[in-house]
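Chemist: got a predicted structure here, sequence first:
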Amino acid sequence: MINASQNNYIGFDALFNHASAGILITDSEQRIQMANPFLLNEFGYTKEELTGQPAQLLLPPYGEHDPYAVRKDGSKFPVELSPVAHATPEGILTITYVTNITDRRNAEMTLRELSRQRKEAAVKDASLQRMTSFLNSLWTSTGAMIIVINTDGFIRWFNPAAERILGYKASEVVDVCTPLLLHDADEVALRAEEFSAQLHQPVAPGMETLTIKATLNQPNEYEWQYIRKNGTRLPVSLTVSAIRDASDITGYIGIAIDLSGIKQAESELRISLGKERELNELKSRFVSLASHEFRTPLSAILSSIYLVSKYEAADDVAKRGKHIQRIISAVNMLTDILNDFLSVGKIEEGKIQVRHSTFDAGKHIGNIIGEMDGLKKPKQNIYYAHHGAAQACLDPTLLKHIVMNLVSNAIKFSPEGAIISIRSQCSDTTFQLSVKDKGIGISEEDRLHLFERFFRSQHVSNIQGTGLGLHIVSKYAELMNGSVTCKSEPDKGTEFIVTVPFPQN
């Protein structure tokens, strides 16, 4: 069993021996106790040669403004030191991380040299002045990856942002690799074809693809996919420009901006705008439909109340009864409209709970149809039959809403004297309901949108309705893992078939 102390030792040993930076451990007298392989290789010493030696053999006293290190062969190089003291039973040990910053200093010197050249050549080469200024301002920016190549295509400069974002160290790629290391070969080939067509000349898929437009002094900002060292990809906006000395090109500079955050923000914004647009549309449809659908029953209620108040004589009982029935019917209509709106709201909020129970399906549906008898138009007849087993395992409340919506639609869209046929059937595993009418029918185009919220065909604009009934039917069927299908032809009637499986034990 490895204890915590052993775990810590194993972790330190792995870090110490495999770190890609120098690590030096000294005692309280600044004598070297340990040096990791990276540091030994960097300075040219063996472990035996350094152990017990003063740290000043390698490093200057701490606190130097520009610290440097001295190799065994006497050569010096600038370093960045990060000492951390640790108390141990044997005394204070100092762990110092030693980072060779030669590339950074060289870059700084190069930038200073470029700045000097910019001032000297301001009159002769305004283009170079702009490029140098631009490079100088971007070099230290963490938001832009800057890669400079020579005329042979090899990377000469690789800025800190490129290191951080792409995962490569400058020392890994400078004078060793071309920018094609970062590009997908297929994308380069496609872009070469694109440029060939634009420029009316062949463009080879390779470095020429990246530099051809800069060579011709043409706008050269495109979106590319960069490939990081770990194989992951990121979208970038890459601008490639030529570095010119008078009329000669001495290299190219590529400035790439990581578009990952922008792409993510764009995607989230599109989703957000889509949801907001849908919500606004739903609100507008709700207000429009509610005001329209409420107007008719409210007018009927108000006019009937006024007329009832006029019929005060004893022989006006029949007239009063007629208008009272109109009031009751209008109130029921308002209740149905409100129930539709509330049902849709609950469905959208996920508040509908499915509660299965076993009940007599035929008797349940028969009672529902009986309650709707007052909705029938003159001489309309409803025929209902149940087949198969009597018992069904469903949510009786959701089934009631489905039956009421389908039957009320059949009554509403069928003419006077029409026959409406309703059939239900229970098998061992499934319940099926069919509601068939001989009404106006539904066109193929309208059937594509039949179960959408607020959808109403232009052919039924003269018939009262919210456009929510069939949407509710389909959603309630889905909640019980069922489905709704429609068979219809214009002027030949419509049949809705609801199929719901019984839950498995």
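Modeler: Perfect, I can see it now.
Chemist: all helices for the stretch 401-505 of the chain, in order.
Modeler: 444-447, 469-479 (DSSP state H, counting those that start in this stretch).
Chemist: care to break the chain down by domain?
Modeler: For the chain, the structural domains run 4-100, 104-258, 271-347, 352-501, going by automatic domain parsing.
Chemist: of the ones you listed, which shows the lowest average pLDDT?
Modeler: Ranked by mean pLDDT, these end with domain 271-347 in last place, scoring a mean of 62.
Chemist: picking that back up, could the helices of the stretch 401-505 of the chain be laid out in TSV, adding distance to residue 79 and mean neighbour count?
Modeler: Where C-beta positions appear, they are placed from N, C-alpha and C, glycine not excepted. Shown next, in TSV, are those (distance: least, Cβ to Cβ, whole Å; neighbours: other Cβ atoms under 10 Å):
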stretch	distance to residue 79	mean neighbour count
helix 444-447	77	13
helix 469-479	68	21
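Chemist: residue 105: which of the ones you listed is closest?
Modeler: Residue 105 lies closest, by Cβ to Cβ, to one member of the helices of the stretch 401-505 of the chain: helix 469-479, at 67.7 Å.
Chemist: can I get the domains of the chain in JSON lines including distance to residue 265?
Modeler: Compiled in JSON lines, the domains of the chain are given as follows (distance: least, Cβ to Cβ, whole Å):
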{"stretch": "domain 4-100", "distance to residue 265": "34"}
{"stretch": "domain 104-258", "distance to residue 265": "12"}
{"stretch": "domain 271-347", "distance to residue 265": "10"}
{"stretch": "domain 352-501", "distance to residue 265": "30"}
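Chemist: returning to what we had before: which one of the helices of the stretch 401-505 of the chain lies closest to residue 174?
Modeler: Here helix 469-479 is closest among these (Cβ to Cβ), at 60.8 Å.
Chemist: just checking, what packs against the closest one?
Modeler: On a contact count with 3 or more Cβ pairs under 8 Å, 6 or more residues apart in numbering; DSSP states H and E, helix 469-479 meets helix 317-348, helix 396-413, strand 483-488, strand 494-501.
Chemist: just how off-centre is that helix within its chain?
Modeler: Mean-position distance between helix 469-479 and its chain equals 28 Å (Cα atoms, centre = their mean, to the nearest Å).
Chemist: mind exporting the C-alpha coordinates of it to CSV?
Modeler: Below are the C-alpha coordinates for helix 469-479, written out as CSV (Å, rounded to 0.1, in the frame of the first residue of the first chain):
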residue,chain,number,x,y,z
GLY,A,469,-56.9,21.5,-29.6
LEU,A,470,-55.0,19.2,-31.9
HIS,A,471,-51.7,20.4,-30.5
ILE,A,472,-52.9,19.4,-27.0
VAL,A,473,-54.1,16.1,-28.3
SER,A,474,-50.7,15.3,-29.9
LYS,A,475,-48.8,16.4,-26.7
TYR,A,476,-51.1,14.4,-24.4
ALA,A,477,-50.6,11.3,-26.6
GLU,A,478,-46.8,11.8,-26.5
LEU,A,479,-46.9,12.1,-22.7
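Chemist: please begin residue numbering at 40 from this point
Modeler: That works, and once the first residue is 40, the last one we named lands at helix 508-518.
Chemist: who's in contact with stretch 127-145?
Modeler: For stretch 127-145, the surrounding residues in contact (Cβ atoms under 8 Å, 6 or more residues apart in numbering) are 60-67, 69, 72, 78, 81, 94, 97-98, 108, 116-125, 199, 209-210, 213.
Chemist: could you list the buried residues of that stretch?
Modeler: The neighbour-count criterion (16 or more other Cβ atoms under 10 Å) identifies 132, 133, 134, 135, 136, 137, 139, 142 as the buried residues of stretch 127-145.
Chemist: rewinding a little: among the contacts of stretch 127-145, the buried ones, what's the ChimeraX command?
Modeler: A single ChimeraX command is used to select the members of the contacts of stretch 127-145 judged buried by 16+ other Cβ under 10 Å:
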select :61,62,63,64,65,66,72,78,81,94,97,98,108,117,118,120,199,209,213
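Chemist: restricted to helices, list the contacts of stretch 127-145.
Modeler: Among the contacts of stretch 127-145, the ones falling in helices (DSSP state H) are 78, 81, 199, 209, 210.
Chemist: residues contacting the nearest residue to the fourth one once chain neighbours are set aside?
Modeler: If I follow you right, that is residue 209. In this structure, residue 209 finds its nearest non-sequential neighbour in residue 197, 4.1 Å apart by Cβ to Cβ, 6 or more residues apart in numbering. When contacts are counted by Cβ under 8 Å, 6+ apart, residue 197 is found next to 185, 186, 207, 209, 212, 213.
Chemist: residues contacting residue 207?
Modeler: Contacts of residue 207 by Cβ under 8 Å, 6+ apart are 197, 201, 220, 268.
Chemist: rerun that using 6 Å as the cut-off
Modeler: Residue 207 is in contact with residue 268, counting by Cβ atoms under 6 Å, 6 or more residues apart in numbering.
Chemist: SS state for it?
Modeler: Under DSSP: H, G, I helix; E, B strand; the rest coil, residue 207 falls in the coil class.
Chemist: so how far is residue 138 from it?
Modeler: Per Cβ to Cβ, to the nearest Å, residue 207 is found 17 Å from residue 138.
Chemist: can you list the buried residues in the strand or helix carrying residue 157?
Modeler: Assessed by DSSP states H and E, residue 157 sits inside helix 141-159. Neighbour-count burial for helix 141-159 flags 142, 146, 150, 153, 157 (criterion: 16+ other Cβ under 10 Å).
Chemist: now do stretch 229-242
Modeler: Applying 16+ other Cβ under 10 Å to stretch 229-242 flags 230, 231, 234, 235, 242 as buried.
Chemist: from the residues you listed, which two are the most distant?
Modeler: 230 and 235 (9.6 Å).
Chemist: backbone dihedrals for residue 401, both of them.
Modeler: With angles defined as degrees, to the nearest 10, residue 401 sits at phi -60, psi -50.
Chemist: ok, it touching residue 425?
Modeler: Yes - counting by Cβ atoms under 6 Å, residue 425 is a contact partner of residue 401 at 3.2 Å.
Chemist: now do stretch 299-312: everything it contacts.
Modeler: By Cβ under 6 Å, 6+ apart, stretch 299-312 touches 273, 274.
Chemist: re the thing from before, now the buried residues of stretch 127-145 as TSV including secondary structure and distance to residue 264?
Modeler: TSV is the format used below for the buried residues of stretch 127-145 (DSSP: H, G, I helix; E, B strand; the rest coil; distance: Cβ to Cβ, whole Å):
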residue	secondary structure	distance to residue 264
132	strand	47
133	strand	46
134	strand	41
135	strand	41
136	strand	35
137	strand	37
139	strand	32
142	helix	27
